[in-house]
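Novice: sequence and predicted structure below; questions after.
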Amino acid sequence: MSRSKAVLGLLVAALAILGLAPQQPPRLVERVEVSRVLVDARVVDGPGNPILGLGRDDFYVKIDGKTARVESVQWIAGDSNETNGGVLDSTSIRGAVSPPPDGRLIVLLFQKSLEKPRIVGLMRMLIELRKFLETLTPNDRVAVLSFDSHLKIWVDFTNDLRRVRPVLQRGILFERPGPVQTAPPPSLGAGLDPARARRASTIEEALRLIGEALEPLPGSKSLVFVGHGFGELGLMGVSMVNRYEEARQALQTARVSVFSLDVTEADYHSLEAGLQIVANDTGGFFERTHILTERALSRLSGALAGHYVLFVEKPDLESGTHRIKVELTRATGTVMARNRFVD
């Protein structure tokens, strides 16, 4: 009995000592949060064909003039929105939980004008783009919009080109669009309110609405903008008006690349500046179509054949609007990528 009391006493003493001993402070683990920027980059050679096989060391990126590390690069083939790491949504590098069907999302936007220097080129491109449709895969989805006095919705995203061809053949020039049935996901019409579209009285507002409607859809999108241009000519040149900055930001946020095809029958005109600027801002290109129509469509096919997705570490910068520039380090070619992002 005395032995049990002795053992019990030792245990009590040990507990008392432990209770009085200074406790170790909690270990602090330093964590560095690294912000990343997702950049869609199309890389083409002189004739406009995609340059394949590039890795992260082939790209050099600067954000607000500071070198930014390219963490990884993924190639997205033109007939698939999927990557080895999952589908990417519009505004972040998170994998989207509901991947879209394989294939590209292509919006055809026609800026309609009956003025003689414009209508001839518009008619030509309506014919040529019917041929372009033949190059698409069964998984690609096409939506058709037009703008004259306001934004008009003709066809929501569909891979049934039988619905698209009559719009290009007759609808844009001679008809009015009827009620548009909202397509199952991915759908442009689900985010584009017809009432707001009817109130969109400028092409800049129309572009903003298109960007906002496309933003919820995963992956990158392509906007083929067939038109005569926009902007306002003044003493100091062409100014971007009608709240263009809002349109630019909406398109960039939605990962929309604009490919501007100028229908004007002229080697130069002031309104082409708007077509050039929106293409440059979003990682697309500008082409005149009145002479080298086939070259314009060949470049379009090459640009849509696929693109790279760059995951870039953002330098230590305050939140806001940032300039971004993407160049090649070894290959010879042209990089098309958006020139700004907002965080």
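Specialist: Great, that's in hand. Numbering: from 1, shown residues only.

Novice: with adjacent residues omitted, what lies nearest to the spatially most central residue of the chain?
Specialist: In the chain, the centroid-proximal residue (CA atoms, centre = their mean) is Arg255; its distance is 1.8 Å. Leaving aside its chain neighbours, Arg255 sits nearest to Ser220 (4.5 Å; criterion: CB to CB, 6 or more residues apart in numbering). In this view, the C-beta of every residue, glycine as well, is placed from N, C-alpha and C.

Novice: can you give me phi and psi for the one you found?
Specialist: With angles defined as degrees, to the nearest 10, Ser220 sits at phi -80, psi 160.

Novice: so Ile203 touches Phe147, yeah?
Specialist: Yes - assessed by CB atoms under 8 Å, Ile203 is found in contact with Phe147 at 5.5 Å.

Novice: which residues are common contacts for these two?
Specialist: Counting by CB atoms under 8 Å, 6 or more residues apart in numbering, the shared contacts of Ile203 and Phe147 are 111, 227.

Novice: tell me the SS of the nearest residue to Ala303 once chain neighbours are set aside?
Specialist: Spatial nearest neighbour of Ala303, chain neighbours left out: Arg42 (5.2 Å); criterion: CB to CB, 6+ apart. Three-state assignment for Arg42 (DSSP: H, G, I helix; E, B strand; the rest coil): strand.

Novice: what about Arg42, how many neighbours?
Specialist: 26 (other CB atoms under 10 Å).

Novice: all strands of the stretch 101-250 of the chain, in order?
Specialist: 105-111, 141-147, 151-158, 221-227, 232-234, 237-239 (DSSP state E, counting those that start in this stretch).

Novice: report the residue ranges of every domain in this structure.
Specialist: Here the domain parsing of the chain from automatic domain parsing is 36-78+309-342, 105-299.

Novice: how far is the shortest one from where the chain is centred?
Specialist: Computed by CA atoms, centre = their mean, to the nearest Å, the separation of domain 36-78+309-342 from the middle of its chain amounts to 13 Å.

Novice: ok, Ser113 touching Phe230?
Specialist: No - shown here, Ser113 and Phe230 do not form a contact pair, counting by CB under 8 Å, at 11.2 Å.
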